[in-house]
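Visitor: here's my sequence, what's the structure:
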Amino acid sequence: MMLIPLRLGLQQRVLPEYRVALFDTLADACRDGLSVFAGDPQPIEAIDTSGKLIRAVYTRANNVHVFRGRGYFCLQTNILHWLTEWQPDALIVEANTRYLSTPSAVEWMHRHNRPVIGWGLGAPEANLVESTLRSRFLKSLDAVIAYSQTGADQYIAAGNAAERVFVAANAVTFKPKGPAPMRLPEFKGGQPCILFVGRLQERKRVEILLQACAALPPEIAPRLVIVGDGPDRDRLQALGLRLYPSAEFTGAKHGDELAAYFEAADLFVLPGTGGLAVQQAMAHGLPVVVGEADGTQAELVSTLNGWLIDQPDAQALTRVLLDALYDVPRLRSMGLESFRIVAEEVNIEHMVDVFAQAVEFAICNFRGT
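Guide: Numbers count the residues shown, from 1 in each chain. Predicted structure coming up:
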């Protein structure tokens, strides 16, 4: 990994558990340390913040949540106190204009002749007022890191110079340490195994996975394993008993116990949005079926390693499963390509290297006040 020869600060609204590995690895790359500033989510949010930083310093932000839904804003009232205490040489912030304290942090850094790098999903279409405010905020940053090329293109379209925009593919897994898993050329016991892993909530669209499996012909009816817990579990289990009684709901699994489910599967399916477990599946050499979301999935999944379903429904997913499960050799080849992508292109180590490149660029090209 590249070295970041300075003291770095990183602002987040919250600290989700899946980001801990990234931030601790980033801390390892920072010669003079990394401090992560983040607060608590809203009580209604399904965000696991149980992870604890080991090598990075954690400072709790005082998050004040204003409104909900599309009208949501967040105020982090102690952000300037944190900057004064930590004194970062460079700062990475979430590139989100709904976080009302961030512009004051950018101003503080620039007043002290230090650069600020934004990090975010991109800049999708918005109304005139929101687009204007976002464009002004983005132009105040010294570099921008996007989760995907789609997001990077949006930042450039919003008025950022292309050389100031970097792409760090959104990763939650390290480079695999061993070779790609080798699976048999036929399904175990003649029955394919389909796996879903994720929080059970409506946006994951697990119900259409149940419907699609129920519509498959008996000769390829899969073992369906649904790993995870969440507010939608009771509804989905009741629906499963009616639509696909053999569906297995295991609850949440972690570590080696979760790895065993990935190793036993033949195909990973995420019909809805989100779901960084897609990368875990790929790291275990699985082909993947995903619903197209924010551009991140589109750059993880191609015809070489899986299927993207735009606006998925049960019929569309059934067609994909038919296509996938009748050709086992192709399925195995796609799994090997998934493994290659995670090993070479989308992993935490590569993400940290891009962060280091963006920080170096921002330091070398800082415009000052």
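Visitor: where does pLDDT dip in the stretch 51-200 of the chain?
Guide: Within the stretch 51-200 of the chain, the segments meeting pLDDT under 70 span 129.
Visitor: show me where it has strands.
Guide: Secondary structure of the stretch 51-200 of the chain by DSSP state E, counting those that start in this stretch: the strands cover 57-60, 63-66, 73-76, 90-94, 116-120, 143-146, 165-167, 193-197.
Visitor: using JSON lines, please lay out those together with distance to residue 103 and mean neighbour count.
Guide: All C-beta spots, glycine's among them, are computed from the backbone N, C-alpha and C. Conversion of the strands of the stretch 51-200 of the chain to JSON lines gives the following (distance: least, Cβ to Cβ, whole Å; neighbours: other Cβ atoms under 10 Å):
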{"stretch": "strand 57-60", "distance to residue 103": "19", "mean neighbour count": "15"}
{"stretch": "strand 63-66", "distance to residue 103": "15", "mean neighbour count": "15"}
{"stretch": "strand 73-76", "distance to residue 103": "12", "mean neighbour count": "19"}
{"stretch": "strand 90-94", "distance to residue 103": "9", "mean neighbour count": "24"}
{"stretch": "strand 116-120", "distance to residue 103": "10", "mean neighbour count": "23"}
{"stretch": "strand 143-146", "distance to residue 103": "15", "mean neighbour count": "27"}
{"stretch": "strand 165-167", "distance to residue 103": "20", "mean neighbour count": "21"}
{"stretch": "strand 193-197", "distance to residue 103": "38", "mean neighbour count": "23"}
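Visitor: possible to save the ones you listed as CSV with distance to residue 30?
Guide: Conversion of those to CSV gives the following (distance: least, Cβ to Cβ, whole Å):
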stretch, distance to residue 30
strand 57-60, 10
strand 63-66, 24
strand 73-76, 22
strand 90-94, 10
strand 116-120, 13
strand 143-146, 16
strand 165-167, 17
strand 193-197, 32
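Visitor: okay, now the nearest residue to residue 206 once chain neighbours are set aside: neighbour count?
Guide: Nearest non-adjacent residue to residue 206, counting by Cβ to Cβ, 6 or more residues apart in numbering: residue 236, 5.4 Å away. Residue 236 has 23 neighbouring residues, counting by other Cβ atoms under 10 Å.
Visitor: residues in contact with residue 236?
Guide: By Cβ atoms under 8 Å, 6 or more residues apart in numbering, residue 236 lies in contact with 200, 206, 207, 210, 226, 249.
Visitor: mind running it again at 10 Å?
Guide: Each residue near residue 236 by Cβ atoms under 10 Å, 6 or more residues apart in numbering is listed here: 200-202, 204, 206-207, 209-210, 226, 228, 230, 243, 247, 249.
Visitor: same question for residue 131.
Guide: If you count contacts by Cβ under 10 Å, 6+ apart, residue 131 has them with 97, 123, 124, 125, 158, 159.
Visitor: how about residue 32?
Guide: Residue 32 is in contact with 4, 5, 6, 7, 8, 87, 88, 89, counting by Cβ under 10 Å, 6+ apart.
Visitor: swap in 7 Å and give it another go.
Guide: Residue 32 is in contact with 6, 7, counting by Cβ atoms under 7 Å, 6 or more residues apart in numbering.
Visitor: confirm the residue nearest to residue 206 sits in a helix?
Guide: Yes. Residue 236: assigned to a helix according to DSSP: H, G, I helix; E, B strand; the rest coil.
Visitor: drop anything exposed from the contacts of residue 236.
Guide: 200-201, 204, 206-207, 209-210, 226, 228, 230, 243, 247, 249 (16 or more other Cβ atoms under 10 Å).
Visitor: want to try a markdown table for those residues, with distance to residue 263 and secondary structure as columns?
Guide: Listed next are the buried ones among the contacts of residue 236 as a markdown table, based on distance: Cβ to Cβ, whole Å; DSSP: H, G, I helix; E, B strand; the rest coil:
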| residue | distance to residue 263 | secondary structure |
| --- | --- | --- |
| 200 | 22 | coil |
| 201 | 26 | coil |
| 204 | 22 | helix |
| 206 | 22 | helix |
| 207 | 26 | helix |
| 209 | 20 | helix |
| 210 | 23 | helix |
| 226 | 17 | strand |
| 228 | 17 | strand |
| 230 | 24 | coil |
| 243 | 27 | helix |
| 247 | 20 | coil |
| 249 | 19 | strand |
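Visitor: which other residues reach stretch 55-74?
Guide: Outside stretch 55-74, the residues within contact range by Cβ under 7 Å, 6+ apart are 13, 23-24, 27-28, 33-40, 42, 75-79, 82, 98-100.
Visitor: rerun at 6 Å
Guide: Stretch 55-74 is contacted by residues 13, 23-24, 27-28, 34-40, 42, 75-78, 82, 98-100 when judged by Cβ atoms under 6 Å, 6 or more residues apart in numbering.
Visitor: quick one on the thing from earlier: closest one to residue 310 among the strands of the stretch 51-200 of the chain?
Guide: With respect to residue 310, and counting by Cβ to Cβ, the nearest of the strands of the stretch 51-200 of the chain is strand 193-197 at 19.2 Å.
Visitor: within its sheet, name the partner strands of that closest one and how each one runs.
Guide: Paired neighbours of strand 193-197 in the sheet (DSSP bridges): strand 223-227 (parallel), strand 267-270 (parallel).
Visitor: which stretches in the stretch 101-250 of the chain count as helices?
Guide: 102-111, 128-139, 149-157, 206-214, 233-243 (DSSP state H, counting those that start in this stretch).
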